[in-house]
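Asker: Fold the stuff below for me.
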Amino acid sequence: MTLAAATLACSTVLGSPDDDMPEPSFPESEPRTSIQPEEDPDLFNAEGQMEACLEGESYHPGEGLCYRNDGSATPHFIALMEGVIESGGDDNEELLDNEVVLVTYTIDGDDIYSPDYFDVSSDLESFQDDSQTQEFIWDYYTGMIPAESRSLLTNYIIMTDGLGGTLAAVEQSPEDPVLWMLSVDIADTDDLQELTFTLIHEYGHLLTLGGGQVDIDEYLYYNPDDEDAYSDAEDSCSTYFPGEGCAKRSAYLYEFYLEFWEEIFDEWSEIQYIEDDDQYYDALDDFYFDYEDEFLTDYAVTNPEEDIAESWAFFIISSKPAGNTIAEDKILFFYQFPELVALREEIIARTYSRLIRIQ
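Answerer: This is a model prediction of the structure:
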């Protein structure tokens, strides 16, 4: 873990699990040339642990983290995340003309290093120089997601498109499209609930598009303008084609598509041919309202990939629903996979342990 993680662990907060979601407190920023620290014995407590455990927690030495193993964090975490989607939209949106990359880090396990700084305008330099916040976000993410579940990540990108807009995203690595990069808009990270939900959503893409779920088509990645090749690849795919390649028959995304999208896919596909932006979004809105009880959010109608990522995020942050609507069935979809139920429990326990340590 980076030095930021150890420093935060030393600032442990003993808070009530039922308190409102705490606001993160970022230390003063100090520009650095490297953030990969050398081992420091002072980072460990008297028991040789990188952080002190709270009541009910167990120490996990391989990760240097304390969190609960018994499922008791789940109701408290769900209470903290309640209302995250209903908290409001981008009413104060102040978007830039373009997305700007500020700094890119190389990822090695839990560590980030070799920051590559880009030329930016003077009004963005404070974000670019804020290495403390950049480290906090990364350490929060590694605290949430187990190391083996993010092994495909090669780069961590700090960017901004202004206030609002894109909070985080994952994209394929230009070095190897089988691998992925995580981008976070540093200007949009003040709301810890929203950041948590979005990072879980973005991990949903890694879960459903990476790790052998899709046969990645490297030619299409490196030749995105070859429309004939794209059409041929799409036509030859006998399962579902998300764009990165053909989904395997055992893929979560393909099973999700068969259960929830197969009957409405042709209708949705017609909308994708609309070239005028206003007409496109009007048609997509109409599609959403026609099938509103089938989607957890209006953003989920974007495509099956976004729908499964939204459903995954609600699977993590919500109680198990009754299944009274198709939208609720999309949450229940994940419960048929024991490995995902176990991963949910771990992500919840890890994330809750991070949240109660932040003030």
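Asker: My read is that Pro61 contacts Glu51, right?
Answerer: No - using Cβ atoms under 8 Å, Pro61 is not in contact with Glu51; the gap is 11.0 Å. For glycine as for every other residue, the C-beta is placed from the backbone atoms N, C-alpha and C.
Asker: can you give me the helices for the stretch 201-350 of the chain?
Answerer: 218-222, 227-236, 252-260, 265-271, 277-290, 304-317, 326-332, 338-355 (DSSP state H, counting those that start in this stretch).
Asker: Just the residues contacting the fourth one, thanks.
Answerer: Where contact means Cβ atoms under 8 Å, 6 or more residues apart in numbering, the residues beyond helix 265-271 that reach it are Tyr257, Trp261, Tyr280, Ala283, Leu284, Phe287, Val301, Asn303, Pro304.
Asker: Same check on the second one?
Answerer: Under the contact criterion Cβ under 8 Å, 6+ apart, helix 227-236 has outside partners Asp217, Tyr219, Leu220, Asn223, Phe241, Gly245, Cys246.
Asker: Buried ones among these?
Answerer: Asp217, Leu220, Phe241, Gly245, Cys246 (16 or more other Cβ atoms under 10 Å).
Asker: Relative to Ile145, which of those is nearest.
Answerer: Of all the buried ones among the contacts of helix 227-236, Gly245 has the smallest distance to Ile145: 23.2 Å, by Cβ to Cβ.
Asker: and the closest residue to Tyr335 other than its chain neighbours, how many neighbours does it have?
Answerer: In space, and not counting its chain neighbours, Tyr335 is closest to Val341: 6.0 Å by Cβ to Cβ, 6 or more residues apart in numbering. Using other Cβ atoms under 10 Å, Val341 is surrounded by 13 other residues.
Asker: Longest strand in this protein, please.
Answerer: Of all segments of type strand in the chain, defined using DSSP state E, the longest is strand 94-108.
Asker: how about Gly346, what does it touch?
Answerer: You called it Gly, but residue 346 is Glu. So Glu346 contacts Pro146 (Cβ under 8 Å, 6+ apart).
Asker: change the start of the numbering to 26 and stick with it
Answerer: Will do, 26 is the new start, and the previous item becomes Glu371.
Asker: I'd like to know how far it sits from Glu335.
Answerer: For Glu371, the distance to Glu335 (Cβ to Cβ, to the nearest Å) stands at 21 Å.
Asker: For the very next helix or strand once past the longest strand of the chain, which strands pair with it and how are they oriented?
Answerer: Counting by DSSP states H and E, the element after strand 119-133 in chain order, helix or strand, is strand 136-142. Sheet pairing here is set by DSSP bridges, and for strand 136-142 it gives strand 119-133 (antiparallel).
Asker: Buried ones in the strand it pairs with, by neighbour count?
Answerer: Val125, Leu127, Val128, Thr129, Tyr130, Ile132.
Asker: count of residues packed around the closest residue to the second one other than its chain neighbours?
Answerer: By that I understand Leu127. Closest residue in space to Leu127, ignoring its immediate chain neighbours: Gln153 at 4.2 Å, by Cβ to Cβ, 6+ apart. Gln153 is flanked by 23 other residues according to other Cβ under 10 Å.
Asker: Mind checking what secondary structure Gln153 has?
Answerer: Secondary structure assignment for Gln153 (DSSP: H, G, I helix; E, B strand; the rest coil): helix.
Asker: List the contacts of it.
Answerer: So Gln153 contacts Leu127, Val128, Tyr142, Phe143, Val145, Ile183 (Cβ under 8 Å, 6+ apart).
Asker: Which one of the residues you listed is nearest to Leu357?
Answerer: Nearest member of the contacts of Gln153 to Leu357, counting by Cβ to Cβ, is Ile183, at 36.2 Å.
Asker: per-residue confidence at the closest one?
Answerer: On the pLDDT scale, Ile183 is placed at 99.
Asker: what does Glu48 give?
Answerer: 46.
Asker: ok, now Arg57?
Answerer: 32.
Asker: With Asn70 instead?
Answerer: 57.
Asker: Next: Ala31.
Answerer: Value for Ala31, per-residue pLDDT: 25.
Asker: on that earlier part again, I'd like the contacts of helix 290-296 laid out as CSV, including pLDDT.
Answerer: CSV is the format used below for the contacts of helix 290-296 (pLDDT from 0 to 100):
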residue, pLDDT
Tyr282, 99
Trp286, 99
Tyr305, 98
Ala308, 98
Leu309, 98
Phe312, 99
Val326, 98
Asn328, 98
Pro329, 99
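Asker: Now, of those residues, which are buried?
Answerer: Tyr282, Trp286, Ala308, Leu309, Phe312, Val326, Asn328, Pro329.
Asker: Out of those residues, give me the two with the largest separation.
Answerer: Tyr282 and Ala308 (20.8 Å).
Asker: Pull the contacting residues for the closest residue in space to Pro267 that isn't next to it in sequence.
Answerer: Spatially, and ignoring its direct neighbours in sequence, Pro267 is nearest to Glu330 (5.1 Å; Cβ to Cβ, 6+ apart). Residues in contact with Glu330 (Cβ under 8 Å, 6+ apart) are His230, Thr233, Leu234, Pro267, Gly268, Leu278.
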